[in-house]
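Trainee: Sequence and predicted structure are below.
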Amino acid sequence: MPGNRFNAFQDHGVGIGLRIPHYQHIFSRKPVVDWFEIISENFMIDGGRPLAMLDQILERYRVVQHGVSMYFGSATEPDPEHLKRLKTLVRRTGSPWLSDHLCWGSVDGTYSHDLLPLPYTWEAVARTAERVHQVQDYLEIPVAVENVSSYAAFTASEMTEWEFLTEVVERADCGILLDVNNIYVSSVNHEFDPMEYVNAVPAHRVAQMHIAGHSRYEKYILDTHDHPVIDPVWDLYARAIERCGPTPTLLEWDDHIPSFDEVHAEALKANRCIHKFANVPDAVDSPALASETWDNKVLEASK
Ligand SMILES: [Fe+2]
């Protein structure tokens, strides 16, 4: 079963996005974290301080790479130099899988630096799946595509977003990074039932999940990653975990970043959710739930 290659990573537990304001805390306090998600593009360089910091993180922690500029749905081919640098970084980090977004954002080498929604057409399914397949083959690790939050829709669309996602991942034989906050944001902006989306996703393809907070305005929601996760998103997450089983989950917090302890506490709510809803009675407790610092963990292990 193609999706089963992600089952090996179910023990990854709950991760936190690696962000510069937390470096000092991480290096001095050595908190126990199941894994860190890094933004690949921040480290696709030849040397210098960012890579030195990353190497220090890799000495102690597992790292999973997340990208923001692959633009799987763009009409133009990915830049070969970008792919080469990405593969070099994958070899450095040992990332067990790699994720990027199901979107477009570049035309003839000009980049928008935005994650733009695709028209949900059969033509876009074929092109996007082919692109994901090529990248996955080149990188030689599993790839998971993430559903984006969107604020506009195409009249040319021939299917729902979740049907589009399903068609792409089945044809590309890849995984899904299911962002339940993005589902919620888009459901409000486009007036669909977010639970219908979660219930329709092919569960065996879900490799990872994202949860995040957002900003609500009078008529729409912006995916700002600057607030705690709201209850309706936790409800969607619980249902997704119920369907998909224990799934590596990452709490995204990218703006107005609070202290590491606050982010960590929010992330651990996801861990409790996994234990409550995953229907796996003998699931192993996340190390992050057992001890607060890496030194405590080593102490406990030596008892
Ligand atoms: Fe996300």
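Mentor: Received the coordinates, thanks.
Trainee: and the chain, which of its residues are near the ion?
Mentor: Within the chain, the residues that sit near the ion (C-beta under 5 Å from the ion) are 179, 210. No exception for glycine: its C-beta is placed from N, CA and C like everyone else's.
Trainee: Show the residue spans covered by the strands in the chain.
Mentor: Per DSSP state E, the chain carries strands over the ranges 14-17, 35-39, 63-66, 98-101, 104-107, 110-116, 143-146, 175-179, 206-212, 215-216, 221-222, 249-252.
Trainee: among these, which is the most enclosed?
Mentor: strand 175-179 (a mean of 28; mean count of other C-beta atoms under 10 Å).
Trainee: Tell me which other helices or strands that one touches.
Mentor: Applying 3 or more C-beta pairs under 8 Å, 6 or more residues apart in numbering; DSSP states H and E, one finds that strand 175-179 makes contact with strand 143-146, helix 161-172, strand 206-212.
Trainee: Can you add mean pLDDT and distance to residue 246 and give these back as a markdown table?
Mentor: Putting the helices and strands packed on strand 175-179 into a markdown table (pLDDT from 0 to 100; distance: least, C-beta to C-beta, whole Å) gives the following:
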| stretch | mean pLDDT | distance to residue 246 |
| --- | --- | --- |
| strand 143-146 | 96 | 16 |
| helix 161-172 | 97 | 20 |
| strand 206-212 | 93 | 10 |
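Trainee: Adding distance to residue 274 as columns, could you present these in JSON lines?
Mentor: Formatted as JSON lines, the entries for the helices and strands packed on strand 175-179 read as follows, by distance: least, C-beta to C-beta, whole Å:
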{"stretch": "strand 143-146", "distance to residue 274": "18"}
{"stretch": "helix 161-172", "distance to residue 274": "22"}
{"stretch": "strand 206-212", "distance to residue 274": "10"}
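Trainee: out of the strands of the chain, nearest to residue 6?
Mentor: Of all those, strand 206-212 sits nearest to residue 6, with 4.0 Å by C-beta to C-beta.
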